[in-house]
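Colleague: model this:
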Amino acid sequence: MKVKHIAKSFRVGKNEKELLKMIGIGIFFTASFAIPNLPLAIKPFLTNKRRREKAFKKLEEKGLIILGGEKIVLSPRGEEIQRRSMTDDLVIEHFEWDGIWRVVIYDIPNTDKKERDYFRLILKKLGFTAIQKSTWVIPWECKEEIAIAAQNLRLSPYIMYLTTDHLPNQKSMEKSFGLNDEE
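Modeller: Okay, the predicted model is just below:
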């Protein structure tokens, strides 16, 4: 089976990312029947054969999937976009602070610079604050979210998740997260 490689750059839309996620986790066809609360933007691709075929053809032309008869497989680039888009959906809920700091420390090699930079962006998006170059802190529980991001980006061996009840400059950190209401 030949894989077409597209030299030009392209954008992957929100609907295309959703389709890649569904293909990646193998629920594409059953989803149209089994998941009644499927996002409305995706449902037409699943239920309308012509739109579905057009969407698949577009993904194939972009080099994101490989179509082989009845089989749909993510290409390496499609897998990368699927993993990243699953990481983009992560959110940390802000419950009442329990006095415990969550610290993420990483030492990601230069061979994975692209993924390291992306992981740093994810930490910022999640609300972490850097206390050193590769040491980030947040006051809310997020062990599962960090594990998912690390796994999706294939960086698990390089990332540590720690907890502590004290940080250097703790008062300023509490203030930056809006935790010290006494003032």
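
Colleague: ok, now which ones touch Ser75?
Modeller: Shown in contact with Ser75 (C-beta atoms under 8 Å, 6 or more residues apart in numbering): Val3, Gly63, Leu64, Ile65, Ile66. (Glycine included, C-beta is placed from N, CA and C.)

Colleague: does the fourth one touch Phe56 like I think?
Modeller: Looking back up the chat, that one is Ile65. Yes: in this structure, Ile65 is within contact of Phe56 by C-beta atoms under 8 Å, at 6.7 Å.

Colleague: more neighbours, these two?
Modeller: Ile65 (27 against 18; other C-beta atoms under 10 Å).

Colleague: show me what the more buried one is bridged to.
Modeller: Leu74 (DSSP bridges).

Colleague: which ones are touching it?
Modeller: Contacts of Ile65 by C-beta under 8 Å, 6+ apart are Leu20, Ile23, Phe56, Leu59, Ile72, Val73, Leu74, Ser75, Gly78.

Colleague: ok, the closest residue in space to Glu93 that isn't next to it in sequence - contacts?
Modeller: Nearest non-adjacent residue to Glu93, counting by C-beta to C-beta, 6 or more residues apart in numbering: Trp140, 6.8 Å away. For Trp140, the contact set (C-beta under 8 Å, 6+ apart) comprises Ile92, Glu93, His94, Phe95, Trp97, Arg102, Gly127.

Colleague: for Trp97, give me the pLDDT.
Modeller: Listed pLDDT for Trp97 reads 93.

Colleague: helix, strand or coil for it?
Modeller: Following DSSP: H, G, I helix; E, B strand; the rest coil, we place Trp97 in the coil state.

Colleague: from Tyr161, how far off is it?
Modeller: 17 Å (C-beta to C-beta, to the nearest Å).

Colleague: all helices for the protein, in order.
Modeller: For the chain, helices defined by DSSP state H occupy the ranges 14-24, 28-34, 43-47, 49-61, 76-88, 113-126, 143-152, 170-176.

Colleague: and these: which comes nearest Lys133?
Modeller: Taking C-beta to C-beta, helix 113-126 is the member of those nearest to Lys133, at 9.6 Å.
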